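Visitor: dropping the sequence and predicted coords here.
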Amino acid sequence: MCLAIPSRIVDIQGDVGTIDLEGVTRIINMALLDNARIGDYVLVHAGFAISVIDEVEAAVSLDYIRELVEASLEDG
């Protein structure tokens with residue numbers, strides 16, 4: 001199973017971008033996207049931005065991920 005995580009772009013320098021996910025920043029490869037801008041949310045998988053998504057869709061996905069993390073902590 002693969003999981004693509006929605007993250008907000010905070011910087012772009014050519015094909016290299018910096019994303020923010022819950023206060024954690026990562027460097028990613030942006031070569032697969034030609035329309036992403038700073039402030040956009042992208043799905044990131046294996047270090048590559050693979051798709052631009054809207055902010056509402058990103059928020060819903062991140063809420064689901066938070067719920068999964070909380071549930072796993074309660075079970076563990």
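Guide: Alright, I've got the coordinates.

Visitor: residues near Asp20, how many?
Guide: Asp20 has 13 neighbours, counted by other C-beta atoms under 10 Å. C-betas here are computed from N, CA, C, even on glycine.

Visitor: need the contact list for it.
Guide: Applying C-beta atoms under 8 Å, 6 or more residues apart in numbering, one finds that Asp20 lies in contact with Ser7, Arg8, Val10.

Visitor: would you list those residues in a markdown table and tack on secondary structure, pLDDT and distance to Thr18?
Guide: As requested, these are arranged in a markdown table below (DSSP: H, G, I helix; E, B strand; the rest coil; pLDDT from 0 to 100; distance: C-beta to C-beta, whole Å):
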| residue | secondary structure | pLDDT | distance to Thr18 |
| --- | --- | --- | --- |
| Ser7 | strand | 95 | 10 |
| Arg8 | strand | 97 | 10 |
| Val10 | strand | 98 | 5 |
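
Visitor: give me the buried subset of these.
Guide: Burial by neighbour count, judged by 16 or more other C-beta atoms under 10 Å, picks out Ser7, Arg8 from those.
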